[in-house]
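> Fold the stuff below for me.
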Amino acid sequence: MDKKTPPRARRDDSLSRERIIDAAIAILDQDGERGLTFQALSAHLATGPGAIYGHIANKADLLTAACDAIVARAVTPDAPGATPQAAIRTLALAIFDAMDAHPWAGAALIQAGGKMPVVRILESVGRQLGALGVPEAARWAGVCALVNYILGVSGQNAANAQRARTECAERGAFLAAVSAEWSQLDAVQFAFTRSMAGQLRAHDDRDDFLAGVDILLRGLAARY
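Sure, this is the predicted structure:
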């Protein structure tokens, strides 16, 4: 009697959009956007592409959904009694750390445009600017300034970290090398940059990021 080969275990019955998104995040964290294919996702979930397409339309939809899951975890309820400034600083740092942990999320946010991941951030910052007393007519410009800064700096920091990991470069050694180059610049033509050589070697990316957020917040508070 011929023995039949048992079929490969499949988990379609328990497949959900949330499980698909979690699997996509795991692949993105390990292999980046290039590694996220429906074939790789199917293998990770032990299912067929058809089952995935029942929940996700295409790769762009999947990237947006994965990015939204990351942002949703960062946009947490405000701490009781927190000032608007403190709430914005907390959100900004959460986004910064999320992008550092998931470097692909910066590019995904840019691609998401006005979709939910960006909407969550806009809504959170906009509410706090209202609480800060920024007039409604000026709120959009203030939100744009803060959100563009938060996403831009966080995304650039994540890209730098990702490149360093890809090139197996150690941050301290890299900064020391750049610092040494800056210290040799022409003292007249590049006076400022040369004066910052020592500070570059010792600076903290998160501290610098939050300093920028504070500068923007102080400017908004002083104006309005």
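> pLDDT weak spots in the chain?
Confidence mapping of the chain against pLDDT under 70 gives the ranges 1-13.
> OK, contacts around the most centrally placed residue in it?
Centroid-nearest residue in the chain: Met99, 2.9 Å away (criterion: CA atoms, centre = their mean). By CB atoms under 8 Å, 6 or more residues apart in numbering, the contact list for Met99 reads 105-106, 154-155, 157-158. For glycine as for every other residue, the C-beta is placed from the backbone atoms N, C-alpha and C.
> Tell me the one of these nearest Ala131?
Of all these, Ala131 sits closest to Ser154, with 22.9 Å by CB to CB.
> residues near that closest one, how many?
When neighbours are defined as other CB atoms under 10 Å, Ser154 has 24 of them.
> Figure out how far the strand or helix carrying it is from the centre of its chain.
Secondary structure assignment for Ser154, by DSSP states H and E: helix 136-166. The chain centre lies 9 Å from the centre of helix 136-166; the measure is CA atoms, centre = their mean, to the nearest Å.
> mind listing what's buried in that helix?
Neighbour-count burial for helix 136-166, counted by 16 or more other CB atoms under 10 Å, picks out 139, 142-143, 146-147, 149-151, 153-155, 157-158, 160-162.
> Which secondary structure elements does that helix sit against?
helix 84-101, helix 104-112, helix 116-132, helix 205-223 (3 or more CB pairs under 8 Å, 6 or more residues apart in numbering; DSSP states H and E).
> Break this protein down into its domains, please.
9-56, 77-223 (automatic domain parsing).
> could you redo those as JSON lines and give each row distance to Ala66?
Formatted as JSON lines, those follow (distance: least, CB to CB, whole Å):
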{"stretch": "domain 9-56", "distance to Ala66": "5"}
{"stretch": "domain 77-223", "distance to Ala66": "7"}
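> tell me, how many neighbours does Leu36 end up with?
22.
> thought it was touching Asn58?
No: between Leu36 and Asn58 there is no contact under CB atoms under 8 Å: 11.7 Å.
> Tabulate the CA atom coordinates of stretch 166-179 in CSV.
C-alpha atoms of stretch 166-179 as CSV (Å, rounded to 0.1, in the frame of the first residue of the first chain):
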residue,chain,number,x,y,z
THR,A,166,25.4,47.3,6.4
GLU,A,167,29.0,48.5,6.2
CYS,A,168,29.9,47.0,9.6
ALA,A,169,31.0,50.5,10.8
GLU,A,170,31.3,51.3,14.5
ARG,A,171,29.7,54.7,15.3
GLY,A,172,32.5,55.9,17.6
ALA,A,173,35.2,55.1,15.0
PHE,A,174,33.2,56.7,12.2
LEU,A,175,32.7,59.9,14.2
ALA,A,176,36.3,60.0,15.3
ALA,A,177,37.4,59.8,11.6
VAL,A,178,35.1,62.6,10.5
SER,A,179,36.1,64.7,13.5
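> roughly how far out does it sit from the chain middle?
Centre to centre, stretch against its chain (CA atoms, centre = their mean), the figure for stretch 166-179 is 22 Å.
> from here on, count from 17
Sure, I'll start numbering at 17, so the last one becomes stretch 182-195.
> That concludes my questions; thank you for your assistance.
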